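# Just a sequence and a predicted model for now, questions to come.
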Amino acid sequence: MRTTRPALAGEILFDLYADGTAVLGGAPVNVAVHLAGLGERPLLLGRVGDDEAGREARARLERFGLDLAGVQVDPSAPTGVVRVELVAGEPRFDIAPDCAWDALDGDRAAATLAASGASILYHGVLAARSPAGRRALDRLRATRGAALFVDVNLRPPWTPLERARELCRGAAWIKLNEAELASLSGQAAPGDGAQRATDARALAAGAGGDTLVAVTRGALGVELHGAAGRLASAPAAPVAQEAPVDPVGAGDACAAVLLLAALRDWPPALALGRAAELAAAICAIRGALPPDPGFYRSFRRAWETA
């Protein structure tokens with residue numbers, strides 16, 4: 001059985017800010033919550049600890065309407081945490097090691113994925129930082145029936161470049177920022193438009209030929225490339241003037257809309273424009289997720305996804 005349902009695998013954690021704020025996060029969580037808010041039925045495949053943080057994570061996910069059938073509970077490892085610091089407007093992440101999400105049971109997750117009939121499997125590179133995580137991703141990627149969406153999200157030292165390149169192979173979609181594209185291409189810094197196009201074409205060709213590569217550029221917008229060249233681009237949408245800009249989670253918002261576009265067959269230019277809209281809205285709040293599901297109501301009305 002195939003459906004248009006997306007599945008998302010990887011880290012479930014809390015982002016901890018210097019002022020004590022704790023925001024539920026992890027790229028798969030962020031993308032899953034956005035998709036649920038926009039009218040989809042995402043399946044989250046991850047693991048939390050049998051602790052207060054894990055119970056809080058599950059409760060918050062339920063408030064956003066997520067299916068928790070794929071969220072495992074680890075009897076000993078703690079729920080993941082990441083300390084977030086904004087430096088010159090850009091986030092830096094201190095990711096705690098040996099957390100519950102590092103120990104995802106791949107067999108159980110693969111069985112849940114197969115039973116769901118999901119047509120797309122999303123995962124990042126960070127999910128493969130532990131041996132157990134790599135085995136679980138291998139198991140999930142081998143499950144038939146789901147095309148791959150790989151979100152690169154480099155987080156040194158946990159995400160070596162060769163592992164990232166390996167995980168991109170076989171992907172139907174790859175999302176990364178321009179600095180990550182330069183790193184995967186062996187360059188010290190992002191290049192100009194011609195260089196980005198060359199690097200994105202090479203990444204698409206190496207991944208499988210028909211792969212689509214989305215390159216986010218922060219305040220400069222987002223581009224979509226294929227093996228034949230650039231397909232579309234969109235400028236960044238304005239952030240509300242009264243809001244402080246917090247870029248944490250903007251890339252995850254972009255990934256969520258690109259997944260939605262794949263599920264609903266939106267044309268590239270429309271998909272990128274809407275991705276920029278949601279990313280700007282996320283930049284106007286603290287952390288990667290809104291405080292309640294009502295945040296998505298205006299997007300659902302405007303995009304006719306209700």
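Received the coordinates, thanks.
# So what touches the lowest-mean-pLDDT helix or strand in the chain?
None of the helices or strands of the chain scores lower by mean pLDDT, DSSP states H and E than strand 90-95, at a mean of 84. For strand 90-95, contacts defined as Cβ atoms under 8 Å, 6 or more residues apart in numbering pick out 13, 80, 82-86, 126, 155, 158, 247-248. C-beta here means a position set from N, CA and C on the backbone, and glycine is covered the same way.
# Keeping just the C-alphas, turn it into CSV.
Taking Å, rounded to 0.1, in the frame of the first residue of the first chain, the C-alpha atoms of strand 90-95 are listed here in CSV:
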residue,chain,number,x,y,z
GLU,A,90,23.5,32.9,13.7
PRO,A,91,22.8,29.8,15.9
ARG,A,92,25.5,27.7,17.4
PHE,A,93,24.6,24.3,18.8
ASP,A,94,26.2,22.3,21.6
ILE,A,95,24.6,18.8,21.2
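# Sheet-wise, list the partners of it with their directions.
Under the criterion DSSP bridges, strand 90-95 sits next to strand 80-87 (antiparallel) in its sheet.
# thinking again about what came up before, flag every buried residue along the least confident helix or strand of the chain.
91, 93, 95 (16 or more other Cβ atoms under 10 Å).
# what does stretch 69-78 give?
70-72, 74, 77-78.
# ditto for stretch 169-181
Buried residues in stretch 169-181, counted by 16+ other Cβ under 10 Å: 171-181.
# mind listing which of the buried residues of stretch 69-78 are in strands?
Within the buried residues of stretch 69-78, residues falling in strands by DSSP state E are 71-72, 74.
# Switch the buried residues of stretch 169-181 over to JSON lines; also include secondary structure and pLDDT.
As requested, the buried residues of stretch 169-181 are exported to JSON lines (DSSP: H, G, I helix; E, B strand; the rest coil; pLDDT from 0 to 100):
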{"residue": "A171", "secondary structure": "coil", "pLDDT": "96"}
{"residue": "A172", "secondary structure": "coil", "pLDDT": "96"}
{"residue": "W173", "secondary structure": "strand", "pLDDT": "97"}
{"residue": "I174", "secondary structure": "strand", "pLDDT": "98"}
{"residue": "K175", "secondary structure": "strand", "pLDDT": "98"}
{"residue": "L176", "secondary structure": "strand", "pLDDT": "97"}
{"residue": "N177", "secondary structure": "strand", "pLDDT": "96"}
{"residue": "E178", "secondary structure": "helix", "pLDDT": "96"}
{"residue": "A179", "secondary structure": "helix", "pLDDT": "96"}
{"residue": "E180", "secondary structure": "helix", "pLDDT": "97"}
{"residue": "L181", "secondary structure": "helix", "pLDDT": "97"}
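# which pair in these spans the largest distance?
Spatial extent of these (Cβ to Cβ) is set by the pair A172 and A179 at 23.1 Å.
# quick check: angle from the strand or helix carrying R163 to strand 173-177?
Here R163 sits within helix 161-168, counting by DSSP states H and E. Angle of helix 161-168 versus strand 173-177, following axes from the mean of the first three to the mean of the last three Cα atoms, to 10 degrees, is 150 degrees.
# in helix 161-168, what's buried?
161, 164-165, 167-168.
# Over to stretch 136-156?
If you call a residue buried by 16+ other Cβ under 10 Å, then stretch 136-156 has these buried ones: 136-137, 139-141, 143, 146, 148-155.
# Stretch 92-108 too?
93, 95, 99-106.
# The residue nearest to T159 when sequence neighbours are not counted - how many residues pack around it?
Closest residue to T159 apart from its sequence neighbours, by Cβ to Cβ, 6 or more residues apart in numbering: V125 at 4.6 Å. Residues lying near V125 (other Cβ atoms under 10 Å) number 27.
# Now V125. Its backbone dihedrals?
Backbone torsions of V125, given as degrees, to the nearest 10, read phi -90, psi -30.
# That one against P156, yeah?
No: V125 lies out of contact with P156 (Cβ atoms under 8 Å); the separation is 10.8 Å.
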